[in-house]
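Enquirer: Pasted the sequence and its predicted model underneath.
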Amino acid sequence: MRRFSLWLRGRPTVADSMLAAILLTLEVLVFTASDHTSAWVQLIMGLLLCLPIVCRRTYPRTAAGVILVMSITITLVSYSIDDLDAQHPGLFALAVALYTLVAYVGRYVAALFAVGLVVDSALAIGLLRQEATVTGVIALLIFALSWITAEFLGARRAYDEEVAARLAVADYDRDRRAEDAVAAERTRIARELHDVVAHAVSVMIVQADGASYAVGTNPDVARQALANIGTTGREALAELRRTVSLLRTEPATDDMPQHGTAGLSRLVDMMRSAGLPVELELTGQLDDISPAVSLGVHRVVQESLTNVLRHAGERPRAKVRVRRRDTDVLVEIIDNGNASGLFSFGSGNGLLGMRERVAVLQGTLEAGRQTDGSWRVTAELPLEIRD
């Protein structure tokens, strides 16, 4: 049963269709038990009343409006046709529509719908001469229960979504730190590799020059120099093999992070789901720049938005502008700068890491608080890295 419930949760249209089918079945049962000459009219109106429930979560405003119009229409038609019963099991759709508006749209729209319900109830009491006290109390209880249930479940769903979004950001931040750790280790290995090769080649060049000068006048010195060249070369080769062995396992292409406009959009969407409103402005062709620069742009935006989420206050907002110019890419991230952020953890090295990354790409980075209280990070990354 739990597995079926989870299956339905991921398919809201199927669940809504089942609810509509239940109400339609009740309408058919009422129709078969009725002996009124206009029972077919009642059945058709009942069907039209229940059908919008199928798309109540896809188009909540439209579905609620159709249900309310059909309810008023039923009241007016029942008033015009004397032997037509105004009682429809499908009128429960009004409570369902109110619940949907409160849970998925907002209180303002739901309040407008509630005003329509009051008008509908007043018409039913006035035109059909229903018992005002009984009808009003029952309707009030049903609609109040729908509103309270929507508030409770909506708050629970919002909490679950916020927790899931925070976990996603935490996982993303963990993966980012792992990637940065791997990149730092590869950088260290590359420096060691450079030191090994540069030192060995320098020694071999000096020995070779000395051997060339001494080969005619002092053969013993030349032979010793050649021996030193061989020894140095073998030692360098062994060290080179040990260093390169650390880089044998290359990550698969499918696991590489996605950068460019698609990667920025995905990053911004994730931050939005975590509760950070972000405006993204992309100008120029950003998908054909070099992978190193693209990665640098991605990392600057990523670290800046993460800092905004942590430190920009209870209602953080951010704006990201990435613009390709003739010779460089301009990256600008601005937040509303409220301080005292949502997350308290952090190493404090994010800005330093951004400066180091931009410096490696031969770019410039500026960060600081503006006169209006906002915090701005600006990076300029050249399209071509000079040797």
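Expert: Yep, it's here.

Enquirer: Now do the same contact list for residue 54.
Expert: Applying CB atoms under 8 Å, 6 or more residues apart in numbering to residue 54 gives the contacts 13, 16-17, 20. No exception for glycine: its C-beta is placed from N, CA and C like everyone else's.

Enquirer: Tell me how far the strand or helix carrying residue 299 lies from the chain's centre.
Expert: Per DSSP states H and E: residue 299 is located in helix 291-311. Put simply, helix 291-311 sits 15 Å off its chain's centre (CA atoms, centre = their mean, to the nearest Å).

Enquirer: Tell me the helices and strands packed up against it.
Expert: helix 132-214, helix 260-273, strand 318-324, strand 328-335, helix 350-360, strand 375-382 (3 or more CB pairs under 8 Å, 6 or more residues apart in numbering; DSSP states H and E).

Enquirer: closest to residue 73 out of the ones you listed?
Expert: Minimum separation from residue 73 across the helices and strands packed on helix 291-311 (CB to CB) falls at helix 132-214, 17.7 Å.

Enquirer: which two in the contacts of residue 54 are spaced the farthest apart?
Expert: Among those, 13 and 20 lie farthest apart (CB to CB), at 10.3 Å.

Enquirer: who has more neighbours, these two?
Expert: residue 20 (22 against 12; other CB atoms under 10 Å).

Enquirer: pretty sure residue 105 is in contact with residue 60, am I right?
Expert: Yes - Residue 105 lies in contact with residue 60 (CB atoms under 8 Å); the separation is 5.2 Å.

Enquirer: Comparing the two, which residue is more hemmed in?
Expert: residue 60 (22 against 14).

Enquirer: got a list of what that one touches?
Expert: 97, 100-101, 104-105.

Enquirer: Between the residues you listed, which sits nearest residue 147?
Expert: Looking across the contacts of residue 60 and measuring by CB to CB, the closest to residue 147 is residue 101, at 9.4 Å.

Enquirer: what's the closest non-adjacent residue to the closest one?
Expert: In space, and not counting its chain neighbours, residue 101 is closest to residue 110: 4.0 Å by CB to CB, 6 or more residues apart in numbering.

Enquirer: For that neighbour, which three-state class applies?
Expert: Using DSSP: H, G, I helix; E, B strand; the rest coil, the structure places residue 110 in helix.

Enquirer: close enough to count as contact, it and residue 98?
Expert: Yes - taking contacts as CB under 8 Å, residue 110 lies within contact range of residue 98: 6.3 Å.

Enquirer: who touches both of those two?
Expert: 147, 150.

Enquirer: Those two: which is more packed in?
Expert: residue 98 (26 against 23).

Enquirer: contacting residues around the residue lying closest to the more buried one once chain neighbours are set aside?
Expert: Once flanking residues are discounted, residue 98 sits nearest to residue 146: 4.7 Å by CB to CB, 6+ apart. Contact analysis of residue 146 by CB under 8 Å, 6+ apart lists 95-96, 98-99, 102.

Enquirer: residues near residue 240, how many?
Expert: Residue 240: 14 neighbours (other CB under 10 Å).

Enquirer: distance of it from residue 234?
Expert: Distance, residue 240 to residue 234, by CB to CB, to the nearest Å: 11 Å.

Enquirer: pretty sure residue 280 belongs to a helix, no?
Expert: No - counting by three-state DSSP, residue 280 is not part of a helix but strand.

Enquirer: That one contacts residue 264, doesn't it?
Expert: Yes - Residue 280 is in contact with residue 264 according to CB under 8 Å; the separation is 6.7 Å.

Enquirer: Those two - which one has more neighbours?
Expert: Legend: neighbour count by other CB under 10 Å for residue 280 and residue 264, higher for residue 264 (22 against 18).
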